[in-house]
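Peer 1: Test case, fold it:
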Amino acid sequence: MNTGKTHQKRYRKLLRTLLFALTSLLIVTASASVYNLMYMQSYPIAAQAADVQFVTGADSTAAGASIGTNGTYVRFNSMAGWPNATRVYEDAVGIKNLDTSDRTIELKFDSLSGSTANIDYIYVKIFSDGTQQGTTITVGTAGSTGSLSIPAGTTWRVQWEIKWKAEALSTDTVSATLQLIVAGE
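Peer 2: Predicted coordinates for the structure are as follows:
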């Protein structure tokens, strides 16, 4: 009888050892991996002059336009409007294609903050020779002009229309941000 119990104990011990070995093998297999490293390098990555740039327009001074050194940024710090009346900056800034071929651009609403409850509307439009290009942007609402093809050597003007609600106070202000997307090379 002792031999039967001994065989059972050995059998259980062997079974536990086998299960432990299998579990260990599974863990090792799951955590081990074989891989090859490949590299991608770009050298040099150069700064390049922008093919499409912001340029001054007829109303840039009145709008307080400050164009960055490379023409890739513009900030307006003097735009305003009266309550219950529309102020129009017909040529707040220009968008100029300096390239020798047509470029695809899109002006897009990004953000609006401040006294937004008292603003009636801010519309931003792009014009070429008196003809509106693309869709009107309603600042505060997701949207864009859509993709537009600006011909080589051409400057389009950007018009801002601002109307405050009748109850707006002279202390009310908003900040608006738009993005000019220029399609890649």
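Peer 1: Show me what counts as buried in stretch 47-63.
Peer 2: 52, 53, 54, 55, 57, 59, 60, 62, 63 (16 or more other C-beta atoms under 10 Å). For glycine as for every other residue, the C-beta is placed from the backbone atoms N, C-alpha and C.
Peer 1: Give me the contact list for that stretch.
Peer 2: The contact list for stretch 47-63 (C-beta atoms under 8 Å, 6 or more residues apart in numbering) reads 65, 67-68, 70-74, 76, 78-79, 89-99, 103, 105, 150, 155, 157-158, 160, 180, 182.
Peer 1: returning to what we had before: strands - which of the buried residues of stretch 47-63 land there?
Peer 2: Under the assignment DSSP state E, the buried residues of stretch 47-63 contribute 52, 53, 54, 55 to strands.
Peer 1: gap between stretch 100-113 and the chain center?
Peer 2: Remark: stretch 100-113 is offset 10 Å from the chain centroid, using C-alpha atoms, centre = their mean, to the nearest Å.
Peer 1: quick one on the thing from earlier: show me which of the contacts of stretch 47-63 are buried.
Peer 2: 65, 67, 71, 74, 76, 79, 89, 91-99, 103, 105, 150, 157-158, 160, 180, 182.
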